[in-house]
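Undergrad: Using only what follows, build the 3D model:
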Amino acid sequence: MGKMLGYMLTWTTYGSWLQGDRRGYVKDGELLGENPKLWKANIKSQSDNKVTLKEQEREIVRKAILNEAEKLGQKIYSLAVCSNHVHLVAGYISDPINEVVGYYKNTARAALQTNGFVGRVWTKGYDKRYCFDERSLKQRIDYVRRHK
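TA: Purely as a prediction, here's the structure:
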């Protein structure tokens with residue numbers, strides 16, 4: 001395995017993709033299938049309403065992430081801020097990935113709150129896909145570009 005060139009990160013808005021969802025879900029890096037009982041239990045345990053980002057909010061999130069990446073010195077190859085999730089392909093930096101995701105989620109949340117957003121924005125956790133060669137990096141960049 002070569003040097004890590006970058007990674008794709010994905011995280012969801014609060015309540016938009018719960019464990020047990022009919023689309024499947026990822027837990028600890030493993031793709032799991034539908035589980036209606038688990039899904040219903042998760043809906044009941046939600047403390048806030050499901051978050052769907054409006055177009056203006058998506059632009060606020062996009063700008064906040066790009067500004068944070070500049071502060072971190074991280075190259076962003078591709079970014080898609082959708083109504084219920086974010087996909088980001090970024091170049092490798094030495095900061096731990098969990099901290100990088102935290103920076104992006106927190107700066108985006110703060111930017112939304114500055115613009116009047118109230119409540120939780122993001123689910124806990126995130127998904128990561130490593131890119132150790134140009135081919136995998138390009139595939140992930142193309143995948144994210146298709147979401148725009």
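
Undergrad: buried stuff in the host helix or strand of V101?
TA: Secondary-structure assignment from DSSP states H and E places V101 in helix 97-114. For helix 97-114, burial by neighbour count (16 or more other Cβ atoms under 10 Å) applies to 97, 100-101, 103-105, 107-109, 111-112. C-beta: built from backbone N, CA, C; applies to glycine.

Undergrad: cool, stretch 54-69 as well?
TA: Residues of stretch 54-69 classed as buried: 57-58, 60-62, 64-65, 68-69 (neighbour count, 16+ other Cβ under 10 Å).

Undergrad: Equivalent analysis for stretch 68-78, please.
TA: Neighbour-count burial for stretch 68-78, counted by 16+ other Cβ under 10 Å, picks out 68-69, 72, 74, 76-78.

Undergrad: The helix holding V101 packs against which elements?
TA: The elements that helix 97-114 packs onto, with contact taken as 3 or more Cβ pairs under 8 Å, 6 or more residues apart in numbering; DSSP states H and E, are strand 6-12, helix 55-72, strand 85-91.

Undergrad: which stretch among these comes nearest R129?
TA: R129 lies closest to strand 6-12 among those, at 4.3 Å (Cβ to Cβ).

Undergrad: between the closest one and helix 97-114, how many degrees?
TA: Angle, strand 6-12 to helix 97-114, by axes from the mean of the first three to the mean of the last three Cα atoms, to 10 degrees: 50 degrees.
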